[in-house]
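Enquirer: generate a structure from the sequence data that follows.
(one chain, ligands or ions: 1)
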Amino acid sequence: MAPRVAPAILVLHGPNLNLLGTREPAVYGRISLAEVNRSVHRHAESRGARAVCRQSNHEGELVDWIQAAGREGFRGIVFNPGALSHYSIALRDAVASVRVPVVEVHLSNIHAREEFRHHSVVAAAAVGQISGFGPASYLLGVDALLSASPSLDGRRAAARRRP
Ligand code: CA2
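Expert: So this is what the prediction gives:
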């Protein structure tokens, strides 16, 4: 029998998340992005999966990574688009254009913050959104992808049919 290959999950962090732990601790906590990534790696391994974490301050680079995720063999994407969540139609279109399921995550509860953060244009193209659990949002995102993968396609198709 062929050896079982651990499913790989791509974790994408958007603009400014490289600053995590250095400013705004009241909103985003004191944990650095490197620490978040370490706990994501550990968590994925504990679930028999493998995580690859990337951060970019550039919308186009995030689009490129989303488009390439299927070719690169990723089973799903845990995606924190940062402030781009609220206005990037390019990211929404990229998420909608790939077969790989995308779970949108946020450290803070975007619905409990300023009005302009309440709406994510990416969310309707994602299979779901996890918001407000700090770094645990990423771990919950990994769990969502690993536990729900077979049914995600159907939910995604339903989401796409919505106007
Ligand atoms: O809560 C989240 O995860 C956000 O995606 C974070 C974005 C924000 O624009 C979204 O509305 C919600 C901001 C990321 C910037 O992160 C910083 C972290 C520390 C210091 C400064 C910025």
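Enquirer: how about the residues of the protein by the ligand?
Expert: Counting by Cβ under 6 Å from any ligand atom, the chain comes close to the ligand at 16-17, 19-20, 22-24, 28, 80, 82-83, 85, 106-108, 110, 117. Placement of C-beta: from N, CA and C, glycine included.
Enquirer: let's see 8 Å
Expert: With the criterion set to Cβ under 8 Å from any ligand atom, the chain comes near the ligand through 14-17, 19-25, 27-28, 80-83, 85-86, 105-110, 113, 117, 131-132, 137.
Enquirer: have a look at this protein and report the helix or strand with the lowest mean pLDDT.
Expert: helix 136-161 (a mean of 71; mean pLDDT, DSSP states H and E).
Enquirer: returning to what we had before: can I have the buried ones of the residues of the chain next to the ligand as a PyMOL selection?
Expert: Entered in PyMOL, the line below selects the buried ones among these, by 16 or more other Cβ atoms under 10 Å:
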select buried, resi 14+15+17+20+21+28+80+81+82+85+86+105+106+107+108+110+117+131+137
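Enquirer: from the residues of the chain next to the ligand, which land in helices?
Expert: 25, 27, 28, 137 (DSSP state H).
Enquirer: residue 43 and residue 137 touch, don't they?
Expert: No. Contact between residue 43 and residue 137 fails when scored by Cβ atoms under 8 Å: they sit 11.8 Å apart.
Enquirer: and residue 37, helix, strand or coil?
Expert: helix (DSSP: H, G, I helix; E, B strand; the rest coil).
Enquirer: let me know whether it touches residue 44 as I believe.
Expert: No. At 10.5 Å, residue 37 does not count as touching residue 44 under the criterion of Cβ under 8 Å.
Enquirer: list residues touching both of these two?
Expert: residue 51 (Cβ atoms under 8 Å, 6 or more residues apart in numbering).
Enquirer: these two: who's more crowded?
Expert: residue 44 (26 against 20; other Cβ atoms under 10 Å).
Enquirer: in which helix or strand does the more buried one reside?
Expert: Counting by DSSP states H and E, the element that carries residue 44 is helix 33-46.
Enquirer: mind listing what the spatially most central residue of the chain touches?
Expert: By Cα atoms, centre = their mean, the chain has its centre lying nearest to residue 79, at 1.6 Å. For residue 79, the contact set (Cβ under 8 Å, 6+ apart) comprises 11, 12, 14, 66, 95, 102, 103, 104, 105, 122, 126.
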